[in-house]
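>>> Need a 3D model of the following:
(one chain, ligands or ions: 1)
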Amino acid sequence: MPEPRELIIIGSGPAGLTAAIYAARANLEPLVIEGLAAGGQLMLTTEVENFPGFPDGMMGPELMVRMREQAERFGAEFVTADVDRVDLGERPFGAWVGNTEHRGRSVIVSTGASARMLGIEGEYDLLGHGVSTCATCDGFFFREHEIAVVGGGDSAMEEAIFLTKFASKVTVIHRRHELRASKIMADRALAHPKIEFVWDSAVDEVLGDKKLEGARLRNLVTGEESVLPVTGLFVAIGHDPNTSLFKGQLELDANGYVVTEGASMRTSVDGVFACGDVQDHVFRQAITAAGTGCMAAIEAERWLQALEPIAAS
Ligand code: NAP
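Residues are numbered from 1 along each chain as shown. Predicted coordinates:
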């Protein structure tokens, strides 16, 4: 077994990197296993305008690079790989990257969440070429275009309303006849002159070779098929927490999010903490993720302090 570190941080979005900055400044020399998709969802955005301290905005990827540099400056170490397996059943906890074993006396889980995809033909091929999961990132490219949003929740309504700033027309495609979104968001979208709704419908296929030309729709009640000619298709059907590694080891809620204890970042396993979108499906903001990352690091530090030194255990 390798020498255990004080702290292993799994995941490197704003939550994991903020935890790394705080833990490194507390001399915990954290090991950050940052993942192959290092930096998290902000790597898929362009301008971030609501992160305090940057009055002129900041590019999402640039913000993540800066957070990483800040963590490195204080002694955080990085492994750029995905964790394949964890063992949170005994201490020191284990995390494996391939055959390489890492051991930590404490662990912070900050593996984030990923946008849900439709699971249909052509969707991934056209991602970034008309298909998008982020209106904030890509809306700008669709000035005066006719585009569509898939979903009936708050995210879909928010994206549809936001996209009316650019697009000439936004069609919301929803699989039922009733929106899941909150009344205020739904009413706003329903009343918007640039937004139309296609109810009871699924997108069966995205059309186009190198760029999106349309979406093949199927009415789920009548079975009738149609083609909606759009150059943009924004998939806004929710997010899934990246918690498959932790199934059976940490308590997860019905939607797969890591359960943390009240206002604390403690998980169901003593010495394991979670922060960011992996445990928050409500706020899902970079700044709240960073805030919970700070909390997790402080809690881990206090928890470690309360343990007996390794040599004596
Ligand atoms: P959500 O509430 O889970 O809604 C997902 C929507 O996508 C639902 O309408 C669902 O249809 C549809 N959907 C799911 N899987 C689908 C599939 N495979 N094919 C087609 N449609 C599918 O997710 P969300 O809108 O991302 O919101 C998540 C949470 O964040 C919510 O609590 C929400 O209130 C919150 N949020 C709040 C705001 C705000 O207040 N400004 C903004 C964004 C998000 P069904 O309705 O048929 O299930």
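
>>> Give me the phi and psi for the residue nearest to M265 when sequence neighbours are not counted.
Closest residue to M265 apart from its sequence neighbours, by CB to CB, 6 or more residues apart in numbering: A296 at 4.0 Å. Using the backbone N, CA and C atoms, a C-beta is placed for each residue, glycine as well. For A296, the backbone dihedrals (degrees, to the nearest 10) come out as phi -60, psi -40.

>>> Just to check, A296 is in contact with I108?
Yes - A296 is in contact with I108 according to CB atoms under 8 Å; the separation is 4.9 Å.

>>> The two: who's more crowded?
Taking other CB atoms under 10 Å, A296 and I108 do not tie; A296 has more neighbours (34 against 29).

>>> How about the contacts made by the more buried one?
Taking CB atoms under 8 Å, 6 or more residues apart in numbering as the contact definition, A296 lies against A15, A19, I108, S110, M265, F273, A274, C275.

>>> Near the last one, how many other residues are there?
Neighbour count of C275, defined by other CB under 10 Å: 34.

>>> Isn't it up against E299?
No - using CB under 8 Å, C275 is not in contact with E299; the gap is 9.3 Å.

>>> okay, and the common contacts of those two?
Common neighbours of C275 and E299 (CB under 8 Å, 6+ apart) are M265.

>>> Please give me every residue in contact with the closest residue to the ligand within the chain.
Per CB to the nearest ligand atom, G153 is where the chain lies closest to the ligand, at 2.4 Å. Counting by CB under 8 Å, 6+ apart, G153 touches L179, R180, A181, A236, I237, G238.

>>> Any figure for the gap between it and V48?
According to CB to CB, to the nearest Å, G153 and V48 sit 23 Å apart.

>>> most surrounded residue in the contacts of A296?
Within those, neighbour counts (other CB under 10 Å) peak at A19, which reaches 37 neighbours.

>>> What ranges in the chain fall below the confidence cut-off?
Along the chain, the model assigns pLDDT under 70 to residues 44-46, 308-313.

>>> 50 instead?
Where the chain drops to pLDDT under 50, the residues are 311-313.

>>> Can you show me the helices along it?
Along the chain, the stretches classed as helices by DSSP state H are 14-25, 60-73, 135-138, 154-163, 183-191, 286-306.
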